[in-house]
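J.: No letters, just coordinates:
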């Protein structure tokens, strides 16, 4: 999948290389993501990962506050990786 903002025309991508703590940012070129159903018990939603990796979009420190950093983290059974 390519995730594109209809307002800005930018794509959801990453800053640097795939790894734990890598920032998720808006980028001008398409970036490929895998989107799968949740594999976390009692957490309905989807898991979004850079294509072909074992990393997922992750809310920093599991926070739900406004302006919480979205980063990549190695996939695990945490609900902060389910969208």
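T.: Sure, I can see it. Since we're looking at a predicted model, the values are computed, not measured.
J.: how long is stretch 62-74 end to end?
T.: End-to-end distance of stretch 62-74 (CA to CA, to the nearest Å): 14 Å.
J.: Would you pull up how far it lies from the middle of the chain?
T.: 9 Å (CA atoms, centre = their mean, to the nearest Å).
J.: for stretch 33-50, same thing?
T.: With CA atoms, centre = their mean, you get 10 Å for stretch 33-50.
J.: residues in contact with residue 12?
T.: 3, 4, 5, 24, 26, 27, 31, 33 (CB atoms under 8 Å, 6 or more residues apart in numbering). The way it works is simple: take the backbone N, C-alpha and C, and place the C-beta from them, glycine included.
J.: For the second one, which non-adjacent residue is spatially closest?
T.: Going back to what we said before, that points to residue 4. The shortest distance from residue 4 to any non-neighbouring residue, by CB to CB, 6 or more residues apart in numbering, is to residue 11 (5.2 Å).
J.: Are any of the contacts of residue 12 buried, and if so which?
T.: Burial by neighbour count, 16 or more other CB atoms under 10 Å: within the contacts of residue 12 this picks out 24, 31, 33.
J.: Next step: the residues you listed restricted to strands.
T.: Using DSSP state E, the members of those that fall within strands are 24, 33.
J.: Closest one of the buried ones among the contacts of residue 12 to residue 62?
T.: residue 24 (15.5 Å; CB to CB).
J.: Against residue 6, how distant is residue 56?
T.: Distance, residue 56 to residue 6, by CB to CB, to the nearest Å: 24 Å.
J.: Geometric centre of the protein: which residue is closest?
T.: Centre of the chain computed as the mean C-alpha position; nearest residue by CA atoms, centre = their mean is residue 57, 2.3 Å away.
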